[in-house]
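Participant: Based on what follows, work out the 3D shape:
(chains A, B, C and D)
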There are 2 protein chains.
Amino acid sequence: MFVTYGMEAVLTRKEQIEKTATALFKSKGYAATSMRDLANALGIEAASIYSHIRSKEEILQRVCFKMADEFFDALDAAESMESTATVRLQRAIAAHVQVLTQNTEASAVFLHEWRHLSEPLHSNFLALRDKYEARFREIIHEGIQRGEFTVPDEKFAVLTILSALNWIHTWYKPEGKMTPTEIAENLSEMLLNGLRS
Amino acid sequence: MFVTYGMEAVLTRKEQIEKTATALFKSKGYAATSMRDLANALGIEAASIYSHIRSKEEILQRVCFKMADEFFDALDAAESMESTATVRLQRAIAAHVQVLTQNTEASAVFLHEWRHLSEPLHSNFLALRDKYEARFREIIHEGIQRGEFTVPDEKFAVLTILSALNWIHTWYKPEGKMTPTEIAENLSEMLLNGLRS
DNA sequence: TAAATTTGCTAACGAACGTTAGGTTGTGTA
DNA sequence: TACACAACCTAACGTTCGTTAGCAAATTTA
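Facilitator: Model (predicted):
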């Protein structure tokens, strides 16, 4: 089932379908992407896809929750070392940017297409997102208590930080002039110290 | 056709349709909102809508370009007075936030649903967006030259600022504890001076 | 070599889609 | 009073949608 040619991992057919679907979901949106569009991109008939997946929504579900896992894993790693709130926030930002830039297409789906999930997946997803935001809120909270940050509202600050980060997937390209690490550094700099000289 | 009861302006049927459609487009997305959904929300039959509009896309087009006008008008007013780059940026941010908060539903459509426009509307819209971003870029550029700002990349800074602003529509509610003016002030503070104490 | 699995096909289903045609009703205007 | 028009209706169109049934070929596993 799994074969490896040299360094290149070969995807299962199901993974190929998910990858192709993810690209379409990013560029056209989930609702505007038909199973026939997906089949066409894969070079097969729409009905053939159902040899590998149960439904269209299963693809969306897998992409959304797989990315949620990735974001949590990255944040776990970033928070594994004790440090000041400033450094922890910098690490959390860097981790978030890494996940975003390493898979811009799945990130776009994760950020925008989750609302097409039906219940109870929809609620489960939102609960995960809340938990993720709460982790950032905790860092900000600690930073305020330690006197590192001055912020009018914790929740407001977190939403502003995350929304500044979550635009990256629309313009980031691996061949661009900024590396993911540089993007993270610049964002940390802007968010922590502002534009002012 | 137009009647006014006291202080309350009565909308034409076409405006009612657009308003209802905008709300649905925000909550479900353009592609996932059917004409029958819209008709149902209006309490009429789907076919009846075509007495007032030419097509589903006409609604999207009108909302997108009307909001583009609003953003440009607000920015024009914000930039009408000469001042330092810092003050001009603060005013531009405040103007943008005002438009966003005064019509969160149309803003959401403007920000997310434009990609369902067909050509040549799609290209026209993107050209307008570029022009809008360029206005912000010019402020940042001037701020750097005057020594007011220190920024690694102008375009990067503008995208980060706008993406931080453009999340507001997802959580802003008129009855919330922050007024649009306070939101704008807090955002200016965060973006210009950062989180750091 | 036989069996099981993977991968794909054609044909078709019922439902939902945007939209059109043609008609009815009520309301304000000439 | 006659007329225009706005607002909405029913019925239906052609198309596209996600999905299922049933089958065939190729490939992998036992």
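Participant: for chain A, what spans make up the helices?
Facilitator: Here chain A has its helices, by DSSP state H, at A:13-28, A:35-42, A:56-79, A:85-102, A:104-112, A:121-145, A:154-165, A:168-171, A:180-193.
Participant: With distance to DNA strand C as added columns, please give those in JSON lines.
Facilitator: C-beta: built from backbone N, CA, C; applies to glycine. Below are these laid out as JSON lines (distance: least, CB to the nearest atom of the strand, whole Å):
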{"stretch": "helix A:13-28", "distance to DNA strand C": "4"}
{"stretch": "helix A:35-42", "distance to DNA strand C": "7"}
{"stretch": "helix A:56-79", "distance to DNA strand C": "12"}
{"stretch": "helix A:85-102", "distance to DNA strand C": "25"}
{"stretch": "helix A:104-112", "distance to DNA strand C": "20"}
{"stretch": "helix A:121-145", "distance to DNA strand C": "18"}
{"stretch": "helix A:154-165", "distance to DNA strand C": "30"}
{"stretch": "helix A:168-171", "distance to DNA strand C": "26"}
{"stretch": "helix A:180-193", "distance to DNA strand C": "32"}
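Participant: Mind checking those for the one nearest to B:S48?
Facilitator: helix A:13-28 (29.8 Å; CB to CB).
Participant: and that closest one, what does it pack onto?
Facilitator: The helices and strands touching helix A:13-28, judged by 3 or more CB pairs under 8 Å, 6 or more residues apart in numbering or on different chains; DSSP states H and E, are helix A:35-42, helix A:56-79, helix A:104-112.
Participant: So, low pLDDT: which residues of chain A?
Facilitator: A:1-9, A:196-197 (pLDDT under 70).
Participant: who wins for proximity to B:A127 among the helices of chain A?
Facilitator: Among these, helix A:168-171 sits nearest to B:A127 (CB to CB), with 16.8 Å.
Participant: And that closest one, how far out from the chain middle?
Facilitator: When distances are taken as CA atoms, centre = their mean, to the nearest Å, helix A:168-171 is centred 11 Å away from the chain's centroid.
Participant: Could you do stretch A:147-158 as well?
Facilitator: 23 Å.
Participant: these two touch, right, A:R13 and A:H52?
Facilitator: Yes - using CB atoms under 8 Å, A:R13 is in contact with A:H52, at 5.5 Å.
Participant: Flag every residue of chain A that's near DNA strand D.
Facilitator: A:1, A:33-37, A:46-47, A:49-50, A:54-57 (CB under 7 Å from any atom of the strand).
Participant: Buried among these? Make that a PyMOL selection.
Facilitator: Typed into PyMOL, the line below selects the buried ones among these, using 16 or more other CB atoms under 10 Å in any protein chain shown:
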select buried, chain A and resi 33+35+49+56
